[in-house]
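Asks: what follows is a predicted structure for the sequence shown.
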Amino acid sequence: MKTNTSFLSTRRKFIKSGMFLTAGITVGVQNPATVQIFASTGARDKNEKNTDFQQDDDAIFSAFRNPPATAKPFVRWWWNGDKLSAKEILRELDIMRDAGIGGVEINPIAFPGGDDLGIPSLPWLSQEWIDMVKVALKAAEERGIICDIIVGSGWPFGAEILEGDDRSQLMTLTSRKISGPGKVSIKVEEIINDAKPRVNAYKGADNELYAIALAPVEMSKFTAPKWLPFDAAKDTIEVDAPQGEHILYTLVKCTGFQAVINGAPGAAGPVLNHYSKEATEKFLNRMSDALFPQIKDLKGFRAMFCDSMELEGANWCPDFLEEFKRRKGYDIKPYLPFILFKVGGMGAKVEGGEITKLSGEAKEAVDRARYDFYTACMGIITDRFLITYTKWCNQHGFKSRMQPYGNEFHPLEASLPIDIPECETWIWGHSNRETGFTYIDFVNNNSATNVNKYVASAVHLSGKKIVSCEEITNTSYVFRANLEQVKICADQSNLSGVNHSILHGFNYTPLEAPFPGWIRYGTFLNERNTWWKFFPQWSAYKARLSALLQETEAFADIAVLHPLADMWTIHGPQRDPFPGLRYPPYQYNVWEAIHKNGNACDYTCESIIQKSRSENGNLVYGSRKYNTLILLEVETIQPATAKALQKFVASGGKLVCVAKEPYKAPGLVNAKSNDKAVASTMAAIKKSYPSRVYNVAAPGNDIVGWFADVQKQCDIKPYMIIDKPCKAVSQIRHRSADGKDIFFIANASQDDRYRLNLQFPDSKGNPQLWDAEKGFRKPLPAEKTLPIDLPPAASVIIVFDESPVRPLIGLAMERPENANPLVLKGWKMRLEHINGTSRTIDIDVPYDITSKEETQSFAGTIVYEKQLEGVPDGYNWLDLGKVYGPSEVALGGVELGNHWYGRHIYPLNGSPNGKLLQIRITTTTGNYIKSMPQNAGNHWVRDGGLTHEGIGGPVVLV
């Protein structure tokens, strides 16, 4: 059930005979038969007492209450331009420690522009740069901060020193229609310029004409193209065109075609050839030889980091043809003209140009060869780069941490060799041209990217502990995000399977740099942010949640197989985490629908299915077991996968085929016999076990409702029964070795409140409410149904524990029912600007200051003041209504606390009459920076709209 947050639009019902947690107030149990749980809403209450019950032998709760540094948020610490000093490094580490940050990822990166204060850059791996790394390592250890470091600078790996075939390579092409008979002459320079990839280009690239082929305009039965000789020394090629029309393909090999994105001095230049083990080792050893001997007496790094694998379509190495034949059993060269394409940004296909029109057997053969080509690329890069990288890290005593996805990587399997795989969760700003405002829609646009579930599933399947995430990445809402939005974004990250945050990011910037400082990317995480003083409250919440998730195991009873083989066969791999194509369009929304209906899932892949055991109706891999396997429009699987499905269903498992079902195999070799094997095995499964194979329709617009119907049709039992599943509320389940059953439930809406009734049919023991903001836990009556109240942006942790607990007496405060809220009018509003100015305005009621032109560029603290007189008895609470940003309240000079997200409700603690009510709201800096066209940070906000600031209200007493 969804309700509006305003007291004026709905009647608030507060239950005295129950226990709830809201606004930092804990109410003791009066009548265990009636319980309503109110999620904590970002409160720090001055009247709060520790009502926790103690159990010192509970290791999980101890970690939850006092999280270790490994659970606290880390930050990507951008060393902007490597313009470093020891003094500034120490100052910033102090700031981060005090903010609750547990670790840093040292990340040298290109200077973002603006006033560099005349500070020189220290080249990567120079002695001066190494000295600064040593300062950071020593100081971090002294402060209890963990250090990771990126290998090189920017992304992908590369450096000015790379030469020849050690640089990334791309085989691309151009094509045109020609007519004969007659000679066709084309300048080589014209071919090269046409074929050059539209990427972040390296100026020193070597481009060469590799091959020329002639093919028919149309082809229904595959025939190899005619390879034409050419003189590489000449600047013009001449082709004798036979009678009729033809397609002329010119293949071009580009070496060193891509430049490192945002590389700092010493680690800029061309990108590494990730398809070469020798080049990879040379690059890595350059860092280990120069840096590692000098830090051997320090604690060193936890992990070496590899950032985004945006290889811009790289697909070649000197021995590619030989390696392909070794892996796939045939020569790929005849198929290259029909597989390759002109390359655009991030490796995307550039549409247009004349190509052979394929149909029938020819199209099928090329499609199958396309699958083989891309899976060969994935295999080569896994063997020669991913595994080589992890071995190098481990050899030197460090873990490997990497974002292993992109066009060239299997989205799940690539994470398996990595010690700490990492994914990405973004803040997405959207501008409304009609209103002129920029906003975030977390409900309809999940912050978690499509790779998160793949990476998390790989961690679960490989038995690792940490699911790392580059979190609150922000390029469209810079300076505008408030802490409530940071929380929702990070909560969605956890719901996708993440259990550790690497915040994006903390900018190295001296105090002397003009406001807002040196900003490379991100959510403006530093002490100049207006809401920075509230940041430790979020980081404490996040650390406790991460500690709980890290020390327990994620639960899933459903496995989901995506139609990767079909997509790669027809379209080729996509550029994760921002695929140009979703196949099918809803593929990355299914996991959300599963969780929002009270189940949980992992993604799986064919290699995992083939290696799994089928036991008692479960597909078992390591510690993971699934009683249901969902195939999303899967038509193509390997024969061995079909056999594994047969064993699974025979053992009692459920197979759910969405919209389509498998009937063929991928790849070119033995295609007919493999197709027949898949088709016959699937037919046998359906014939032998018709009651355990389900065919369901594809989802429509309501995917949450769709999966609720799937649950009924396929008899899928949820472990959490939700009376009214909805799009905004999701959940995950974890289990501990000592028997705890743990549920994290979160509301992604910034505006709507949800009241849900939950049942937990599989959970045993005593239910408890664990408060991640304050590190408390409260016992709940063991009732069949638990009513949950989730205000906007709120979350709740419910833990079932079979061990006995001894509750202490809490601070009981009655919240009486009041159907007649009292609207407060007649205020003074004081605007305390971060630029040092201040002014006071008389207003009737608090309002969103962005709605008026004279105040819409404000940044700082808005102070609303009103003397309270004549308030009738029975009004005990202050509700601020809709609030944009953290709030603080004082009454009669006594601080009542603060809220940084959710409902902003405060207890009055007696009669308010004769007392001055003061409300302080902290804004973001986005509107202010937008008003300054010459400011160094303006480019981040120039094109977007304004953001709401202040109080939307209404401000009432209840």
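Replies: Now that the structure is in, tell me what you want to look at.
Asks: how about low-confidence regions in the stretch 701-850 of the chain?
Replies: Residue ranges of the stretch 701-850 of the chain with pLDDT under 70: 804-818.
Asks: where do the helices sit along it?
Replies: Listed in chain order, the helices of the stretch 701-850 of the chain (DSSP state H, counting those that start in this stretch) span 703-714.
Asks: which residues in it form strands?
Replies: With strands called from DSSP state E, counting those that start in this stretch, the stretch 701-850 of the chain shows them at 721-722, 729-735, 741-747, 752-759, 766-771, 776-779, 785-790, 795-801, 822-823, 827-833, 838-843.
Asks: could you dump those to JSON lines with distance to residue 524 and mean neighbour count?
Replies: Heads up, the C-betas are built off the backbone N, CA and C, glycines and all. As requested, the strands of the stretch 701-850 of the chain are exported to JSON lines (distance: least, C-beta to C-beta, whole Å; neighbours: other C-beta atoms under 10 Å):
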{"stretch": "strand 721-722", "distance to residue 524": "36", "mean neighbour count": "18"}
{"stretch": "strand 729-735", "distance to residue 524": "27", "mean neighbour count": "22"}
{"stretch": "strand 741-747", "distance to residue 524": "24", "mean neighbour count": "24"}
{"stretch": "strand 752-759", "distance to residue 524": "27", "mean neighbour count": "19"}
{"stretch": "strand 766-771", "distance to residue 524": "28", "mean neighbour count": "21"}
{"stretch": "strand 776-779", "distance to residue 524": "31", "mean neighbour count": "22"}
{"stretch": "strand 785-790", "distance to residue 524": "28", "mean neighbour count": "21"}
{"stretch": "strand 795-801", "distance to residue 524": "24", "mean neighbour count": "24"}
{"stretch": "strand 822-823", "distance to residue 524": "35", "mean neighbour count": "14"}
{"stretch": "strand 827-833", "distance to residue 524": "17", "mean neighbour count": "18"}
{"stretch": "strand 838-843", "distance to residue 524": "23", "mean neighbour count": "12"}
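Asks: hmm, residue 271 is touching residue 255, no?
Replies: No - using C-beta atoms under 8 Å, residue 271 makes no contact with residue 255, being 10.7 Å away.
Asks: what do those two both touch?
Replies: Shared contacts of residue 271 and residue 255, defined by C-beta atoms under 8 Å, 6 or more residues apart in numbering, are found at 167-168.
Asks: between the two, who's got more neighbours?
Replies: Just comparing residue 271 and residue 255: by other C-beta atoms under 10 Å the higher neighbour count belongs to residue 271, 30 against 22.
Asks: who touches that one in this structure?
Replies: Residues near residue 271 by C-beta under 8 Å, 6+ apart: 156-158, 162, 167-168, 202, 256, 258-260, 311-312, 314.
Asks: so which of the residues you listed are in helices?
Replies: Using DSSP state H, no member of the contacts of residue 271 falls within helices.
Asks: among those, who's most crowded?
Replies: The residue in these with the most neighbours, by other C-beta under 10 Å, is residue 168 (33 neighbours).
Asks: distance of residue 62 relative to residue 146?
Replies: Counting by C-beta to C-beta, to the nearest Å, the separation of residue 62 from residue 146 is 19 Å.
Asks: of the two, give the one with the bigger neighbour count.
Replies: Using other C-beta under 10 Å as the criterion, residue 62 and residue 146 rank with residue 146 on top: 20 against 15.
Asks: please name the nearest non-neighbouring residue to that one.
Replies: Leaving out its chain neighbours, the residue that sits closest to residue 146 by C-beta to C-beta, 6 or more residues apart in numbering is residue 103, at 3.6 Å.
Asks: still on that earlier bit, now the contacts of residue 271 as JSON lines including pLDDT and distance to residue 66?
Replies: Output for the contacts of residue 271, formatted as JSON lines (pLDDT from 0 to 100; distance: C-beta to C-beta, whole Å):
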{"residue": "156", "pLDDT": "97", "distance to residue 66": "38"}
{"residue": "157", "pLDDT": "97", "distance to residue 66": "38"}
{"residue": "158", "pLDDT": "96", "distance to residue 66": "42"}
{"residue": "162", "pLDDT": "97", "distance to residue 66": "46"}
{"residue": "167", "pLDDT": "98", "distance to residue 66": "49"}
{"residue": "168", "pLDDT": "98", "distance to residue 66": "46"}
{"residue": "202", "pLDDT": "95", "distance to residue 66": "49"}
{"residue": "256", "pLDDT": "97", "distance to residue 66": "51"}
{"residue": "258", "pLDDT": "97", "distance to residue 66": "46"}
{"residue": "259", "pLDDT": "97", "distance to residue 66": "46"}
{"residue": "260", "pLDDT": "97", "distance to residue 66": "41"}
{"residue": "311", "pLDDT": "96", "distance to residue 66": "42"}
{"residue": "312", "pLDDT": "94", "distance to residue 66": "45"}
{"residue": "314", "pLDDT": "97", "distance to residue 66": "46"}
